[in-house]
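K.L.:
Provided below for reference: sequence and predicted model.
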Amino acid sequence: MTADKPRQPPLRKDAERNRRLILAAAREVFRDRGVAATLNDVAHHAHLGVGTVYRRFANKEELVDALFGDMVDTVDRYLTEALAEEDAWLGLTRCLEQVCEVQSFDRGLREVMLGTGHGPARQAQIHGRLNPAVQRLLARAQEQGRLRADVVPSDFPVLQLMTAAVSEFDAGSDAWRRYLAILIDGLRARPDIDTLPPGIADVEGVDQALIDVSAHDARSRQNENPVQDPNQDRDRDRDRDPNPDQNQRV
């Protein structure tokens, strides 16, 4: 997803159905295998011919871009709904829970999206598109006296990373909700609280920390699941595609 890409024509119904199947399968495959996953893995998981997947997405980065675009659109929608909420604290905490719920399911996607060479550009897109809404949401909650005054926008990616660690450690459970509730309680404005100690110095530092952590996780996962030669897989699996000319890319 990039702002300067030309608008694509609408897909045929069958092509749109296949696109949705591919994206749903990719979320699950990347969740489990991280950067070691291939388009062939995604095709098999979606029960589609490999040629069908390659016609829709020429390479893994195109597929990751589509997943990334969907993720940013989802978070943007949550933020819009939060800003429309009269009670800014309710909007903020609900949005934070929704985002953490998405990342608990999509564990592994962070390393795929941010842990490769495209990570800095994608992180910059997140910051540019979402941060203004986050700033407005926090300012409203602070103006209403519900959010402590020393919380800043760059705190929230770190809070999400903390809850994501719980999802990685205890995959498939809702344990992250307990720890998110503890974190949210620490965000409340109270008359008797001490000033927060310093955090990461600036937004750029937080962005770089997220990229570094994602890259480290990506390397670890890749060492656990070495990537096979994608060209060999593509040639072999395309031969197995029973309907090589169906659902062509549009």
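P.N.:
It's in.
K.L.:
For the residue of the chain positioned farthest from its centre, which three-state class applies?
P.N.:
When distances are taken from the C-alpha mean of the chain, D192 lies farthest, 36.4 Å away, according to CA atoms, centre = their mean. Following DSSP: H, G, I helix; E, B strand; the rest coil, D192 is assigned to coil.
K.L.:
Also R55?
P.N.:
Going by three-state DSSP: R55 is helix.
K.L.:
The closest residue to A24 other than its chain neighbours: how many residues sit nearby?
P.N.:
Leaving aside its sequence neighbours, A24 sits nearest to A46 (CB to CB, 6 or more residues apart in numbering; 7.4 Å). Where C-beta positions appear, they are placed from N, C-alpha and C, glycine not excepted. Residues lying near A46 (other CB atoms under 10 Å) number 21.
K.L.:
what do you get for F169?
P.N.:
For F169, using other CB under 10 Å, the count is 11.
K.L.:
Check the one 5 residues further on too.
P.N.:
Other residues near D174 number 12, with proximity taken as other CB under 10 Å.
K.L.:
Would you mind listing the residues in contact with the residue nearest to A24?
P.N.:
A46 makes contact with 18, 21-22, 24-26, 53, according to CB atoms under 8 Å, 6 or more residues apart in numbering.
K.L.:
Next, give phi and psi for it.
P.N.:
Backbone torsions for A46, taken as degrees, to the nearest 10, come to phi -80, psi -10.
K.L.:
got it, and E28?
P.N.:
Dihedral angles (degrees, to the nearest 10) for E28: phi -70, psi -40.
K.L.:
who's in contact with it?
P.N.:
Going by CB under 8 Å, 6+ apart, E28 touches H45.
K.L.:
so where's the chain shaky on pLDDT?
P.N.:
Judged by pLDDT under 70, the chain has its weakly predicted residues at 1-11, 107-108, 201-203, 210-211, 213-250.
K.L.:
what about the helices in it?
P.N.:
All helices of the chain, identified by DSSP state H, fall at 13-33, 39-46, 50-56, 60-84, 88-105, 109-114, 119-143, 155-169, 175-187, 203-224, 230-240.
K.L.:
Mind putting these into TSV with distance to A149?
P.N.:
Output for those, formatted as TSV (distance: least, CB to CB, whole Å):
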stretch	distance to A149
helix 13-33	37
helix 39-46	46
helix 50-56	48
helix 60-84	19
helix 88-105	13
helix 109-114	30
helix 119-143	6
helix 155-169	12
helix 175-187	11
helix 203-224	18
helix 230-240	51
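K.L.:
Any idea how many residues pack against the residue nearest to V99 when sequence neighbours are not counted?
P.N.:
Leaving out its chain neighbours, the residue that sits closest to V99 by CB to CB, 6+ apart is V75, at 5.8 Å. Per other CB under 10 Å, the neighbour tally for V75 reads 20.
K.L.:
what's the spacing between V75 and D194?
P.N.:
Applying CB to CB, to the nearest Å, the value for V75 to D194 is 31 Å.
K.L.:
what do you get for C95?
P.N.:
26 Å.
K.L.:
Out of the two, name the residue with the larger neighbour count.
P.N.:
C95 (23 against 6).
K.L.:
how far away is the nearest residue to Q144 once chain neighbours are set aside from D194?
P.N.:
Leaving aside its chain neighbours, Q144 sits nearest to A88 (5.1 Å; criterion: CB to CB, 6+ apart). Separation of A88 from D194 (CB to CB) stands at 23 Å.
K.L.:
buried ones in stretch 18-28?
P.N.:
For stretch 18-28, a neighbour-count test (16 or more other CB atoms under 10 Å) marks 18-19, 21-23, 25-28 as buried.
K.L.:
Pick out whichever of those sits closest to L63.
P.N.:
A26 (5.6 Å; CB to CB).
K.L.:
Quick one: residues contacting that closest one.
P.N.:
37, 42, 46, 63, 67 are the contacts of A26 under CB under 8 Å, 6+ apart.
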